[in-house]
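Visitor: one predicted model, sequence on top.
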Amino acid sequence: LFFTTLLIIGMALLPYQGTGNVGKLPWIGLFGAIFVYVQSLLGGLVGSQWALHQCFGYNQLCTVMNSHLLGVVPPTVTILALVVLALRTPALHPKLRQLARWAGLLLLLQIGLGIATFYEHLQVELLTVSHQATGAALLGTLVAFTVLALRDRAGSVRV
């Protein structure tokens, strides 16, 4: 939460002149960020309780592990929708389009690292740390996108 708060403050202070063409993208970005945050919490629970080892070895904590595995679906669908809609939205600010692309690339990297980490049973530290770092970068990208998209939307409201 501290990380996202700092990002929100930083993105709110950036000079930004929106185009007013964001539509529902701020809400999709917000839901994507929330889903990634919840997934990060589940991942932290998996790692801190050694749920992967417990599940494979003793059939304990499989609910925690399976929640993290199934928890991939909501953020993945939301981020893919964000990327597609951002690329298809005409006259979208280039910074928003760039952040959406980054979110898509980070999502693919995150899924790949997650699969590799799973198959290596959390035994390769570099994979595990990379998976966590990529998750943080994905969360940061979605928060940045959401803040700029909300600013874009607010700037387009005419009085």
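Guide: Perfect, thanks for sending it. Numbers count the residues shown, from 1 in each chain.
Visitor: isn't residue 93 up against residue 20?
Guide: No. Applying CB atoms under 8 Å as the test, residue 93 and residue 20 come out as separate, 9.2 Å apart. The C-beta positions use only the backbone N, C-alpha and C, and glycine is treated the same way.
Visitor: which one of these two is surrounded by more residues?
Guide: Set side by side, residue 93 and residue 20 give different neighbour counts by other CB atoms under 10 Å, the larger being at residue 93 (21 against 15).
Visitor: quick one on the thing from earlier: identify the contacts common to residue 93 and residue 20.
Guide: Both residue 93 and residue 20 are contacted by residue 152, under the criterion CB atoms under 8 Å, 6 or more residues apart in numbering.
Visitor: any figure for the gap between residue 35 and residue 9?
Guide: In this structure, residue 35 and residue 9 are 22 Å apart, going by CB to CB, to the nearest Å.
Visitor: higher neighbour count, the two?
Guide: Between residue 35 and residue 9, counted using other CB under 10 Å, residue 35 has the larger neighbour count: 21 against 10.
Visitor: for the helix or strand harbouring that one, buried residues please.
Guide: Using DSSP states H and E, residue 35 maps to helix 25-48. Burial within helix 25-48, assessed by neighbour count using 16 or more other CB atoms under 10 Å, is assigned to 25-26, 28-37, 39-40, 42-43, 46-47.
Visitor: do stretch 11-19 as well
Guide: For stretch 11-19, a neighbour-count test (16+ other CB under 10 Å) marks 11, 18 as buried.
Visitor: how far off centre is that stretch?
Guide: For stretch 11-19, the distance between its averaged C-alpha position and the chain's averaged C-alpha position is 21 Å (CA atoms, centre = their mean, to the nearest Å).
Visitor: what about that stretch, start to end distance?
Guide: One end of stretch 11-19 sits 17 Å from the other (CA to CA, to the nearest Å).
Visitor: pLDDT on that stretch, on average?
Guide: Taken as a whole, stretch 11-19 has a mean pLDDT of 90.
Visitor: just give the closest residue to residue 38, not the sequence neighbours.
Guide: On the basis of CB to CB, 6 or more residues apart in numbering, the spatially nearest residue to residue 38 that is not a chain neighbour turns out to be residue 71, at 6.9 Å.
Visitor: what's the burial count for that neighbour?
Guide: Every residue meeting other CB under 10 Å relative to residue 71 is counted, giving 19.
Visitor: so what's it up against?
Guide: Taking CB under 8 Å, 6+ apart as the contact definition, residue 71 lies against 35, 38-39, 42.
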